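Q: Quick check, what structure comes out for this input:
(one chain, ligands or ions: 2)
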Amino acid sequence: MPLHERQVPDLKIKISVNDRAFDVEISAGETLLDLLRRLGFKSVKHGCDTGNCGACTVLLDGRPVASCLILAPQVDGSTILTVEGLAICGKQLHPVQEAFIETGAPQCGFCTPGMIMTAVSLLSENPDPTRDEIRHGIAGNICRCSGYVKVVDAIESAAKKLCDRDAGHDE
Ligand code: FES
Ligand code: FES
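A: Ligands and ions are numbered 1, 2, ... in the order given. Alright, predicted model coming up:
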């Protein structure tokens, strides 16, 4: 049979996205970014598609990754968190989201979901970062609008919120 007439078998993978289980058909060349957007997680942005801007950042098994650089077949059996899954019980915004809003860090907002996912990961590893550590932590997330000052303010504020929450203090 000529090559062009051969049927390419469908690939099926199982993933969990924001605590929802998906059993999906994919093509071998589909990226995780395209898959997530196809499943409706539109917070995951197409920026550079080359791993350089951070707009497509999600947590893959708890680690921040550029989803444009990962092929869907590689994530079979994995757990993925996008910004849509951060809200507590689907209602109350996560402290990092609250801090971004309160400080006015989002301008056009295109970079914000990826920036927030990077911030969540950063604060889980380093709950009390210095401003330099925050700048270093978000170095892979490009923002064209904010000049980064308010983004760093937001992450600093989020660190305090998370610390207060973990200590059981109300603001
Ligand atoms: S779109 Fe993935 S890093 Fe830019
Ligand atoms: S707020 Fe516009 S790119 Fe960051």
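
Q: Quick check: beta-bridge partners of the most centrally placed residue in the chain?
A: Centroid-nearest residue in the chain: V58, 2.7 Å away (criterion: CA atoms, centre = their mean). For V58, the beta-bridge partners are V65 (DSSP bridges).

Q: who touches it in this structure?
A: Taking CB atoms under 8 Å, 6 or more residues apart in numbering, we find V58 in contact with L32, L36, V44, P64, V65, S67, I80, L81, T82, M117. No exception for glycine: its C-beta is placed from N, CA and C like everyone else's.

Q: Ignoring the adjacent residues along the chain, who's closest to the fourth one?
A: Setting aside the residues directly before and after it, P64 is nearest to S121 in space (CB to CB, 6 or more residues apart in numbering), at 4.4 Å.

Q: got a winner among the contacts of V58 for most neighbours?
A: Most neighbours among the contacts of V58, by other CB atoms under 10 Å: S67, with 30 neighbours.

Q: what sits against that residue?
A: T31, L32, L33, L36, V44, C56, T57, V58, L60.

Q: And for A21?
A: K14, I15.

Q: how far away is it from ligand 1?
A: Separation of A21 from ligand 1 (CB to the nearest ligand atom, to the nearest Å): 25 Å.

Q: Which helix or strand contains that residue?
A: Assigned by DSSP states H and E, A21 belongs to strand 20-26.

Q: do the same with D164
A: helix 149-167.

Q: list the buried ones in that helix?
A: K150, V151, V152, D153, A154, I155, E156, S157, A158, A159, K161, L162 (16 or more other CB atoms under 10 Å).
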